[in-house]
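# with the input below, show me the fold.
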Amino acid sequence: MNSPHGCPVLTTGPLGVFIVKYAWWLGLPMILIGMYMLTAGGRYPKTTLALFTTLAASLTSIFVLFAGVFPANSPSWSVLIVGFVCFCMGGGLGFGAAKWPRIGIVCMGLSLGSLIGYCVYWFFLKSHLANSSSILLQWAVIAITGLTCAIMCIFLFDHAVIITSAIFGAYALIRGVSMYAGGFINEFEIIMATNNGEIGELSFLMCIYIGLILLIACCSMSAQMKDRSRHLEMYAYKGHFNT
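Residues are numbered from 1 along each chain as shown. Presented below is the predicted three-dimensional model:
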């Protein structure tokens, strides 16, 4: 990934190539995970927490390693090795999230809060700041919103699981579909576009994808909230903390 001035600023090296090359294999699991989280994520919180925590920890580790640690010329087979190790570690954390739900709900809260903080910063604060102070404020906003959301999610367990499942489930579903349909801009390119002030140049198809994610997420939240009100005995979130 290059800036408009031709200076490389962000690259995932073999990871980006791996995602493009095996998109057809990655799409189906993402669709299935998205459908589960959209329809039953709130009803089966322990399964959802284990799944979400495993994926969040594993994928974050993989992207950070290939974006900021491993050189861009790393061999392609390194993706499989690093991925296997990261998913093993993520699976251990996911098991802990199922056994001790507070771990999972905090992970969910941090993920949702970080996403909210990132959006708040780029849509409302970035344009009013000088470059020298933007990076520090960006991380401060993300950290504050992430921690705040994590604390709130502990006390709003059921609703937090439902809301987070709906948002990330909608993303997983649409992202999986885009693996076959095409037109979804790579997440790192989106970050690059915001850094360069080019977020307004996103393609029309990408805007449709974002609109679908928001629409599907809202519909899922509404449906799962109604399911919770009809089957409250299956939720009873306070009981999950006693295991």
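
# any idea which helix or strand in the protein has the lowest mean pLDDT?
When the helices and strands of the chain are scored by mean pLDDT, DSSP states H and E, helix 187-195 comes last with a mean of 61.

# just checking, next helix/strand downstream of it?
Later in the chain than helix 187-195, the nearest helix or strand by DSSP states H and E is helix 204-230.

# tell me what that next one is packed against?
helix 23-40, helix 157-181 (3 or more C-beta pairs under 8 Å, 6 or more residues apart in numbering; DSSP states H and E). Quick note: C-beta positions are derived from backbone N, CA and C, even for glycine.

# pull out the buried positions in it.
Going by neighbour count (16 or more other C-beta atoms under 10 Å), the buried part of helix 204-230 is 206, 209-210, 213, 216-217, 220-221, 224-225, 227-228.

# just send the residues you listed back as CSV, with distance to Pro29 too.
Converted to CSV, the buried residues of helix 204-230 look like this (distance: C-beta to C-beta, whole Å):
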residue, distance to Pro29
Met206, 22
Tyr209, 19
Ile210, 22
Ile213, 18
Ile216, 18
Ala217, 20
Ser220, 19
Met221, 23
Gln224, 22
Met225, 27
Asp227, 24
Arg228, 27
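
# quick one: which helix or strand includes the closest residue in space to Tyr118 that isn't next to it in sequence?
Spatial nearest neighbour of Tyr118, chain neighbours left out: Ile142 (5.8 Å); criterion: C-beta to C-beta, 6 or more residues apart in numbering. Ile142 is part of helix 131-155 when elements are defined by DSSP H and E.

# show me where the protein dips below the pLDDT cut-off.
Residues of the chain meeting the criterion pLDDT under 70: 1-13, 126-134, 187-202, 231-243.

# show me what contacts the residue nearest to the spatial centre of it?
Geometric centre of the chain, nearest residue: Phe168, 6.0 Å, by C-alpha atoms, centre = their mean. By C-beta atoms under 8 Å, 6 or more residues apart in numbering, the contact set of Phe168 is 37, 52, 111-112.

# count the neighbours of Val17 for me.
12 (other C-beta atoms under 10 Å).

# ok, now Gly183?
A count of neighbours around Gly183, defined by other C-beta under 10 Å, yields 11.
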